[in-house]
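K.L.:
For reference, the sequence and a predicted model appear below.
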Amino acid sequence: MVPAAVPQPPAPPALPERESDLPASRGGGLLWESGISKVAALAWREVTSYFVSPIGYVIAALMVPLVSVFAFLPAVLSGVPIAMDRVYGGLAYLLAFMAPFFTMRLVAEERRTGTLELLLTSPVRDWEVVLGKWLGAFLFFLAITAFLFLFAAVIVYYEPTHQVVSVGGLPLSIGNLDLGATLAGYLGLLFEAAALLAIGLLCSSLTQNQIVAAFVGLVVTLTLVFLLGLGTFLPSPLADISQYLGAYDHFASFNQGRLVAGDLVYFLTVTVGALFLSVRVLESRRWR
Amino acid sequence: MVRRVIEVEGLTKYYDERLAIADVTFSVPRGQVLGFLGPNGAGKSTTMRILTGYLSASSGRASIAGHDVFESPVESRLRIGYLPESTPLYSEMRVADYLRLMCRLRGVHPRRQADRIDFAIESCGLQARRRDIIGRLSKGLRQRVGLAQAVVHDPDVLILDEPTSGLDPGQTRETRALIVELGRRHTVILSSHILSEVSATCERVVIINQGRLVADDAPGNLGKRLSQDRATQVELHVIGDRDRILAVVEKVRGVESVTVNPTEDGSWEVLVTGRRKDLQDALAKAVVKGGQGLRQLQSRQLSLEDIFLELTASEEVPVG
């Protein structure tokens, strides 16, 4: 082995000093500093990539007919005064199956192809990456559930019992749709989606295999939405705990038109907790 | 004023128990193109990943333009353009859209994004590919997109991990030329296990082996310095009687070993190894004086390749 005497490096060629220490192009401003514009850029990329990938269309193409056939049409055909709660209910169950497929790609795919390395070595904080990706999935969920507004419009239009509302002295007739309950149910759906997508994102961040991410995610979301709600036959303290942990009951409370702080806290806790853990998973690469 | 843009001090990294790099120290002045040379698994990528903040070090410190990569990761990464070894890109995006995303993630002012994208596309020769989907480009073009994303935010430092691996010879030449061109505007660290690449593109070479720096110099000096106190080798082609040649050559002071092989044209190929600066002159004189016909004489300079092999081989490699 040659003695590793490190000599002085040769003199570099003269290079004009740059005007400033900062990259000349820098100046994204406060929006950039705060991370908002980075999160927005990441979310936008996720949304657009859903629209160019088959998985987005497959999910959308499954969701609309399933909800229509199993939740909307039976209610319409049965002739009872209908509202949106059945549709929301159907969608809330369906979401447990769909959310992991929404999110499986988010981090796992970037891990597999190596783009995650490029992303995480950009001047982007780990939480901005996580938030951007989650927001992208959430916005895509909003986009493909836009058909709910159509359902609501159909109910308003065809509902046999009309009520007369007076607006500025003019009698207007609108369908018998309880707007408060409709909005509350929708809100519940959004909260549940937020939580399940965050869980899916966490699962995606754990692996570089999308199938594994989807499967693990599915186990968690199905447990949350279906299994824990069935815990009523357990001895009393366990039954209560299981019922509290189950996501569907919290959603159902929204769907019945009630806005309860406890339900809100539940969904926010799950969402923020899963996102927080995802950030920690991304950070963990540094310590391996 | 020579500013040290990259400073690395005592960097050590363990993966679990395994030592990846040990006490790596070097610094790079502004504007230099530094070649980071070593066999696969020597710790090149690990060092680069620490510099870019993707991994943390077990100990030691590193800074980019005065910003510590561990304490102010965002500030230091703003100044880095990085091309990982596998050239990871979002293959479903179009070239210009991808570069725009990278501008937005790296804080390029919205009003300057169009200019920067144009600049990156032009300097990497992608004018005709702006609207192409990245996944459909050839490997060579994808490599250019990779370089374009590294320069799009006008960073101080370019960190390029094996930028020509997997390219065909034509693409390799193009990419090297591009790197030399980019080296005029940026400080560059380039890793490679290919010697000719480093000697063709870099002003300075750092050789790393088994996680340790074993040499650090200009490619030219590296050869000279290492061959100084080392046996030199001279190759002669001589006409005459084999035994007499041998006797004459062996008598020359400083000669350590001689091998004689016949050649096709009837002369003898004589390989002489010895420790003497003017071995070549002494041999020429002796052969001519001894009445032998000297047809050819050349001293064998250690190529960068020999040095590299010698520095990085675990066992002693016999010279000649």
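P.N.:
Perfect, I can see it now. Computed from a predicted model, the values in this text were never measured in an experiment. Numbering: from 1, shown residues only, chains lettered A, B, ... in the order given.
K.L.:
What is the subsequent helix or strand relative to the longest helix anywhere in chain A?
P.N.:
The single longest helix within chain A, with elements called by DSSP state H, is helix A:179-205. Using DSSP states H and E, the helix or strand that follows helix A:179-205 in sequence is helix A:210-222.
K.L.:
and the angle from that next one to helix A:179-205?
P.N.:
With axes from the mean of the first three to the mean of the last three Cα atoms, to 10 degrees as the basis, helix A:210-222 and helix A:179-205 are set at 140 degrees to each other.
K.L.:
Run through the neighbouring helices and strands of helix A:210-222.
P.N.:
For helix A:210-222, the packing partners by 3 or more Cβ pairs under 8 Å, 6 or more residues apart in numbering or on different chains; DSSP states H and E come out as helix A:85-103, helix A:105-113, helix A:179-205. (Each C-beta comes from the backbone N, C-alpha and C, glycine too.)
K.L.:
nearest to chain B, of these?
P.N.:
helix A:105-113 (5.3 Å; Cβ to the nearest Cβ).
K.L.:
Buried ones in that closest one, by neighbour count?
P.N.:
A:105-111, A:113 (16 or more other Cβ atoms under 10 Å in any protein chain shown).
K.L.:
quick one: which two of the residues you listed are the most distant?
P.N.:
Pairwise distances across those peak at 12.7 Å for A:106 and A:113 (criterion: Cβ to Cβ).
K.L.:
what's near enough to touch residue 105?
P.N.:
Just going to use chain A. Residue A:105 is in contact with A:53, A:55, A:204, A:210, counting by Cβ atoms under 8 Å, 6 or more residues apart in numbering or on different chains.
K.L.:
think we crossed wires, I meant chain B
P.N.:
When contacts are counted by Cβ under 8 Å, 6+ apart, residue B:105 touches A:38, A:41-42, A:119, A:122-124.
K.L.:
about what we covered before: which one of the helices and strands packed on helix A:210-222 lies closest to residue A:266?
P.N.:
Among the helices and strands packed on helix A:210-222, helix A:179-205 sits nearest to residue A:266 (Cβ to Cβ), with 8.2 Å.
K.L.:
still on that earlier bit, now the buried residues of helix A:105-113 in JSON lines, please, with extra columns for pLDDT.
P.N.:
Below are those laid out as JSON lines (pLDDT from 0 to 100):
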{"residue": "A:105", "pLDDT": "92"}
{"residue": "A:106", "pLDDT": "94"}
{"residue": "A:107", "pLDDT": "95"}
{"residue": "A:108", "pLDDT": "94"}
{"residue": "A:109", "pLDDT": "93"}
{"residue": "A:110", "pLDDT": "94"}
{"residue": "A:111", "pLDDT": "93"}
{"residue": "A:113", "pLDDT": "93"}
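K.L.:
Out of these, which is nearest to residue B:34?
P.N.:
Residue B:34 lies nearest to residue A:113 out of those, by Cβ to Cβ, at 28.1 Å.
K.L.:
mind checking how far the nearest residue to that closest one once chain neighbours are set aside is from residue A:111?
P.N.:
What sits nearest to residue A:113 in space, not counting adjacent residues and going by Cβ to Cβ, 6 or more residues apart in numbering or on different chains, is residue B:88, at 5.3 Å. Applying Cβ to Cβ, to the nearest Å, the value for residue B:88 to residue A:111 is 10 Å.
K.L.:
do residue A:124 as well
P.N.:
Separation of residue A:124 from residue A:111 (Cβ to Cβ): 16 Å.
K.L.:
next one: residue A:235
P.N.:
Residue A:235 is 42 Å from residue A:111, where distance means Cβ to Cβ.
K.L.:
any weak-confidence spans in chain A?
P.N.:
Within chain A, the stretches with pLDDT under 70 are A:1-32, A:76, A:78-82, A:158-177, A:288.
K.L.:
Please enumerate the helices of the chain.
P.N.:
Going with chain A. Going by DSSP H, chain A shows helices at A:29-34, A:36-52, A:54-67, A:73-78, A:85-103, A:105-113, A:115-120, A:126-144, A:147-158, A:179-205, A:210-222, A:236-245, A:247-255, A:261-284.
K.L.:
sorry, should have said chain B
P.N.:
Under DSSP H, chain B gives helices at B:44-51, B:73-78, B:95-105, B:110-123, B:139-151, B:169-182, B:195-201, B:219-228, B:242-251, B:279-289, B:304-312.
K.L.:
Could I get the buried residue list for the first one?
P.N.:
Meaning helix B:44-51. For helix B:44-51, the neighbour count (16+ other Cβ under 10 Å) marks B:44-51 as buried.
K.L.:
Turn these into CSV, columns for pLDDT and distance to chain A.
P.N.:
Output for those, formatted as CSV (pLDDT from 0 to 100; distance: Cβ to the nearest Cβ, whole Å):
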residue, pLDDT, distance to chain A
B:44, 91, 15
B:45, 91, 10
B:46, 92, 12
B:47, 93, 14
B:48, 94, 10
B:49, 93, 8
B:50, 93, 9
B:51, 93, 9
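K.L.:
Just to check, residue B:164 is in contact with residue B:174?
P.N.:
No: checked against Cβ atoms under 8 Å, the pair residue B:164 and residue B:174 is beyond contact range at 9.4 Å.
K.L.:
of these two, who's got more company?
P.N.:
More neighbours surround residue B:164 than the other of residue B:164 and residue B:174, with 22 against 18 (other Cβ atoms under 10 Å in any protein chain shown).
K.L.:
check contacts around the more buried one.
P.N.:
Counting by Cβ under 8 Å, 6+ apart, residue B:164 makes contact with B:143, B:171-172, B:175-176, B:192, B:194, B:197.
K.L.:
hmm, back to that, the residue nearest to residue A:113 and residue A:118 touch, don't they?
P.N.:
Yes: here residue B:88 reaches residue A:118: they are 5.4 Å apart, a contact under Cβ under 8 Å.
K.L.:
and residue 61, how many neighbours does it have?
P.N.:
You didn't pick a chain, so chain A it is. For residue A:61, the neighbour count with other Cβ under 10 Å is 12.
K.L.:
Hmm, no, I was thinking of chain B.
P.N.:
Neighbours of residue B:61 using other Cβ under 10 Å come to 14.
K.L.:
Near residue B:11, how many other residues are there?
P.N.:
When neighbours are defined as other Cβ under 10 Å, residue B:11 has 24 of them.
K.L.:
surely it meets residue B:24?
P.N.:
Yes: under the criterion of Cβ under 8 Å, residue B:11 makes contact with residue B:24 at 4.4 Å.
K.L.:
what's in contact with stretch A:63-78?
P.N.:
Stretch A:63-78 is contacted from outside by A:82, A:86-87, A:89-91, A:94, A:98, A:144-145, A:147, A:151, using Cβ under 8 Å, 6+ apart.
K.L.:
Can you tell me which of the residues you listed are buried?
P.N.:
Listed as buried from the contacts of stretch A:63-78 are A:82, A:86-87, A:89-91, A:94, A:98, A:144-145, A:151; burial here means 16+ other Cβ under 10 Å.
K.L.:
mind checking the end-to-end distance for stretch A:250-266?
P.N.:
The stretch stretch A:250-266 measures 8 Å between its terminal residues, going by Cα to Cα, to the nearest Å.
K.L.:
Pull out the buried residues from it.
P.N.:
For stretch A:250-266, using 16+ other Cβ under 10 Å, the buried residues are A:250-255, A:257, A:263-264, A:266.
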